[in-house]
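S.K.: would you be able to build a 3D model of this:
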Amino acid sequence: MTLSYREFDNFVKLKFPGFKYRKGQRDAIEDIIKSYNLNKNGVYLLDAPTGSGKSLIGILFSAFMASRGKKGYILTSDISLHDQYTRDFSKYGLINWGQIKGVDNYNCTLNNEKFSIGECKNKGLNYQESEKLNCYNACGYFQSRKKAISADVSLLTYSYGLIQRNFVEDKSQNGSAFEQRDFVVCDEAHKVVELVQSHFSPKLSKKTAENVLKLTLGLADIGFPNVLIPVDQLKETIDDIVHEEDKNVLLKHLKRSMIILGKAQSYRDEVQKDAKDRFGSENVPSNWKAVFKNFDYVKDVLCKVEDYIEIIEKSGLHFMIKAMKDDEATFNCLDERYLMEKHFLNRFGFKLLMTATMGSKTEFESSIGAKKTFYRKMDSIFDFSRSPIYFYPKRRMGLKDIEKNMPWLVKTVSDIMDAHPTESGVIHSGSYDLGNKLLYRLSKAKQKRIHVYKGTEEKMDSLKKFIDTPGNILIGPSLLEGLDLKDDKSRLQIFLKVPYPNLGDKYVSEKMKYSKGWYSWKTCTSILQGIGRSVRSEEDWAVTYFLDGCLTDLITRSADNFPDEFLERIIIKED
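M.R.: Purely as a prediction, here's the structure:
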């Protein structure tokens with residue numbers, strides 16, 4: 001069936017009376033519909049700047065498709081964006097659409113544990129058996145799942161969607177209830193490669209063997225003393241993995257770890273059956289729950305090892321990357337084309353990928369492994385006249401220059417803070433180390449305005465204090481994405497240095513050798529994400545200061561990664 005954009009216009013008038021498009025929205029949707037007609041399994045890239053209303057484009061397109069008998073998914077990268085879509089569904093009367101998050105966003109109503117170790121999971125009940133439980137109608141996960149399966153359009157997190165369309169689809173006897181649909185809308189699509197990569201990147205360390213040992217001891221504690229899991233052999237194998245560099249040998253070690261982990265996981269069905277027989281309608285005791293928690297851990301590692309071995313054998317051993325951090329080995333695939341094709345592109349129908357920070361179309365296409373795409377760049381509707389980017393090009397903040405330029409950096413940041421005495425803002429430090437070096441050289445009065453953090457938990461606490469205290473500044477290396485600092489929450493931003501990916505990470509260093517264009521593209525998209533934290537609407541504004549002269553190099557060799565509106569905002573400072 002050919003879909004007509006004229007039918008779309010009539011549909012919007014009937015379904016959303018009084019709806020007013022933002023600039024470029026209607027034209028973008030018309031183009032997406034035309035592209036769907038040309039290739040119902042195609043990839044459409046929508047480069048849509050902040051404020052263009054890309055989420056509404058995805059919603060309107062999905063609603064029209066559903067009105068024509070098509071089914072689809074909308075994927076989001078994080079819970080805050082997921083919640084925003086849920087609110088929009090309610091706002092526009094799309095109450096029949098489904099939405100579901102990852103299983104551990106829901107608690108079991110019986111034992112108050114995360115759903116993955118809820119009572120029905122511990123007893124190995126399938127979905128049909130779970131429907132007969134008294135708690136079924138009160139279960140947040142089951143009710144969300146039921147609606148999301150039956151709805152014409154369902155909102156999923158990337159994580160949940162990837163699990164359902166891959167692990168569940170391939171490993172479940174009946175496949176996944178979340179089957180392939182006619183279309184998928186992917187918001188924050190610049191994250192899709194990293195998200196797919198992380199789902200198929202196993203991590204192995206001493207902790208892996210320790211958890212398998214805990215599983216063995218836990219099984220003995222609940223009445224399974226004769227379980228034979230070669231934990232010592234797993235310890236030796238993981239130690240070999242940690243210290244080995246030869247890729248042929250590493251692959252053999254990975255296969256050996258897969259066999260041992262598979263042996264451990266093989267006892268799960270028997271233990272679940274026993275739990276079901278022993279406890280019936282009673283809650284499973286805490287020592288049993290601990291066993292199932294370790295089973296879940298083993299299952300996750302095992303699935304990733306299995307998939308990674310297949311990916312490397314298909315794409316080529318030379319693409320194997322082992323990165324070490326704190327005695328933990330993380331495996332990645334250097335070339336994501338096979339990974340993306342098998343686990344993402346082939347798992348969904350027509351794919352609408354939307355992002356505000358696409359950078360170079362060529363590099364983005366290469367990163368997602370798409371051979372041919374449809375593409376549209378929307379113009380920004382923001383007035384950036386009040387949001388200049390002041391760039392100081394004379395001093396570089398690379399490793400060899402940072403110490404000699406530190407006095408200037410401290411003075412310049414201090415002067416900027418004096419110029420914004422009552423305004424809130426963020427400082428993108430690039431690293432915890434640089435942020436601390438700056439902080440402790442500032443005056444005590446300046447330090448009192450600054451919130452600093454280290455790690456995720458401290459970040460969330462510092463972020464709350466920062467938002468609750470007008471006129472303060474948040475400093476850190478991980479503020480480039482995921483923050484909505486609209487209006488007075490942030491009126492200034494300071495970039496201490498260009499946020500290049502860390503070359504100390506083996507994957508990053510090897511990827512740079514393999515694709516220098518990727519390295520620049522990744523850096524540029526990080527800058528664009530960071531710049532976008534503080535200007536969130538047409539009326540919003542913020543002043544940005546870029547203190548690293550290395551930005552000149554990046555613009556010179558990668559100007560096509562930056563939109564015109566970014567380059568036009570730059571004002572050179574000679575200080």
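
S.K.: pLDDT below threshold where in this protein?
M.R.: The model of the chain has pLDDT under 70 over residues 1.

S.K.: okay, domains of it per the record?
M.R.: With domains defined by automatic domain parsing, the chain comprises 5-97+151-199+336-377, 206-325, 384-572.

S.K.: most tightly packed of these?
M.R.: domain 5-97+151-199+336-377 (a mean of 19; mean count of other C-beta atoms under 10 Å). Where C-beta positions appear, they are placed from N, C-alpha and C, glycine not excepted.

S.K.: kindly check the end-to-end length of that domain for me.
M.R.: Domain 5-97+151-199+336-377 has an end-to-end distance of 19 Å (C-alpha to C-alpha, to the nearest Å).

S.K.: Leu442: which element?
M.R.: According to DSSP states H and E, Leu442 maps onto no helix or strand at all.

S.K.: on that earlier part again, distance to Gly124 for the domains of the chain - can I get that in JSON lines?
M.R.: Formatted as JSON lines, these follow (distance: least, C-beta to C-beta, whole Å):
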{"stretch": "domain 5-97+151-199+336-377", "distance to Gly124": "14"}
{"stretch": "domain 206-325", "distance to Gly124": "3"}
{"stretch": "domain 384-572", "distance to Gly124": "33"}
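
S.K.: which of these sits closest to Ser116?
M.R.: Ser116 sits nearest to domain 206-325 of all the domains of the chain, at 5.4 Å, using C-beta to C-beta.

S.K.: measure how far that closest one is from the centre of its chain, please.
M.R.: When distances are taken as C-alpha atoms, centre = their mean, to the nearest Å, domain 206-325 is centred 25 Å away from the chain's centroid.

S.K.: and if you look at stretch 425-443?
M.R.: A distance of 26 Å separates the centroid of the chain from that of stretch 425-443, by C-alpha atoms, centre = their mean.

S.K.: again, but for stretch 181-199
M.R.: Relative to its parent chain, stretch 181-199 has a centroid offset of 8 Å by C-alpha atoms, centre = their mean.

S.K.: any idea which of the domains of the chain gets closest to Ile117?
M.R.: Using C-beta to C-beta, the domains of the chain put domain 206-325 closest to Ile117, at 5.0 Å.

S.K.: end to end on that closest one, go ahead and measure it.
M.R.: From its first residue to its last, domain 206-325 covers 12 Å (C-alpha to C-alpha).

S.K.: how about Asp379, what does it touch?
M.R.: For Asp379, the contacting residues are Lys23, Gly24, Pro49, by C-beta atoms under 8 Å, 6 or more residues apart in numbering.

S.K.: tell me which of the domains of the chain sits nearest to Gly118.
M.R.: domain 206-325 (9.4 Å).

S.K.: could you identify the helix or strand that succeeds whichever strand or helix holds Glu306?
M.R.: Using DSSP H and E, Glu306 maps to helix 286-315. For helix 286-315, the succeeding helix or strand toward the C-terminus, using DSSP H and E, is strand 320-325.

S.K.: who does the helix or strand just after that following strand pair with, and is each partner parallel or antiparallel?
M.R.: Of the helices and strands lying after strand 320-325 in sequence (DSSP H and E), the nearest is strand 328-333. Neighbouring strands of strand 328-333 in its sheet, by DSSP bridges, are strand 203-204 (antiparallel), strand 320-325 (antiparallel).

S.K.: in JSON lines, list those along with distance to Ser367.
M.R.: JSON lines is the format used below for these (distance: least, C-beta to C-beta, whole Å):
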{"stretch": "strand 203-204", "distance to Ser367": "22"}
{"stretch": "strand 320-325", "distance to Ser367": "16"}
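
S.K.: now for these, which one comes closest to Val284?
M.R.: Val284 lies closest to strand 203-204 among those, at 28.2 Å (C-beta to C-beta).

S.K.: can you give me the helices for the stretch 51-200 of the chain?
M.R.: For the stretch 51-200 of the chain, the helices defined by DSSP state H, counting those that start in this stretch occupy 54-67, 79-91, 119-122, 127-130, 140-150, 158-162, 169-171, 192-199.

S.K.: would you tell me which of these gets closest to Thr556?
M.R.: helix 192-199 (25.7 Å).

S.K.: list the helices and strands the closest one packs on?
M.R.: Contacts defined by 3 or more C-beta pairs under 8 Å, 6 or more residues apart in numbering; DSSP states H and E place helix 192-199 against helix 158-162, helix 337-343, helix 361-368.

S.K.: repeat that with 10 Å
M.R.: In terms of contacts (3 or more C-beta pairs under 10 Å, 6 or more residues apart in numbering; DSSP states H and E), helix 192-199 is packed against helix 158-162, helix 286-315, strand 328-333, helix 337-343, strand 350-355, helix 361-368, helix 516-531.

S.K.: save the ones you listed as a markdown table, and put in distance to Asp78 too.
M.R.: Shown next, in a markdown table, are the helices and strands packed on helix 192-199 (distance: least, C-beta to C-beta, whole Å):
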| stretch | distance to Asp78 |
| --- | --- |
| helix 158-162 | 9 |
| helix 286-315 | 20 |
| strand 328-333 | 21 |
| helix 337-343 | 20 |
| strand 350-355 | 14 |
| helix 361-368 | 19 |
| helix 516-531 | 13 |
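
S.K.: ok, which of the ones you listed comes nearest Leu3?
M.R.: strand 350-355 (10.8 Å).

S.K.: strands paired with that closest one, and their directions?
M.R.: In the sheet, strand 350-355 lines up with strand 43-47 (parallel), strand 183-186 (parallel) (DSSP bridges).

S.K.: out of the strands paired with strand 328-333, nearest to Glu129?
M.R.: Evaluated with C-beta to C-beta, the strands paired with strand 328-333 place strand 203-204 nearest to Glu129, the distance being 33.2 Å.

S.K.: any idea how far that closest one is from the chain center?
M.R.: So, by C-alpha atoms, centre = their mean, the centroid of strand 203-204 is 19 Å from its chain's centroid.

S.K.: and if you look at stretch 561-570?
M.R.: In this view, stretch 561-570 has its centroid 26 Å away from the chain centroid, taken as C-alpha atoms, centre = their mean.

S.K.: can you check stretch 161-177 too?
M.R.: Here the centre of stretch 161-177 is set off from its chain's centre by 20 Å, with C-alpha atoms, centre = their mean.

S.K.: ok, now which ones touch the residue lying closest to Lys437 once chain neighbours are set aside?
M.R.: Spatial nearest neighbour of Lys437, chain neighbours left out: Met406 (6.6 Å); criterion: C-beta to C-beta, 6 or more residues apart in numbering. Counting by C-beta atoms under 10 Å, 6 or more residues apart in numbering, Met406 touches Met397, Leu434, Lys437, Leu438, Arg441.

S.K.: list the residues that contact the closest residue to Gly175 other than its chain neighbours.
M.R.: Counting by C-beta to C-beta, 6+ apart, Glu169 is the residue found nearest to Gly175 once chain neighbours are left out, at 5.3 Å. Going by C-beta under 10 Å, 6+ apart, Glu169 touches Ile163, Gly175, Ser176, Ala177, Phe178, Glu179, Gln180, Arg347.

S.K.: any chance of those in a markdown table, plus distance to Glu30?
M.R.: Formatted as a markdown table, those follow (distance: C-beta to C-beta, whole Å):
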| residue | distance to Glu30 |
| --- | --- |
| Ile163 | 34 |
| Gly175 | 35 |
| Ser176 | 33 |
| Ala177 | 33 |
| Phe178 | 29 |
| Glu179 | 29 |
| Gln180 | 26 |
| Arg347 | 27 |
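
S.K.: just the closest of these to Asn472, please.
M.R.: Of the contacts of Glu169, the one sitting nearest to Asn472 (C-beta to C-beta) turns out to be Ile163, at 39.3 Å.

S.K.: surely Ala329 touches Lys207?
M.R.: No: using C-beta atoms under 10 Å, Ala329 makes no contact with Lys207, being 11.3 Å away.
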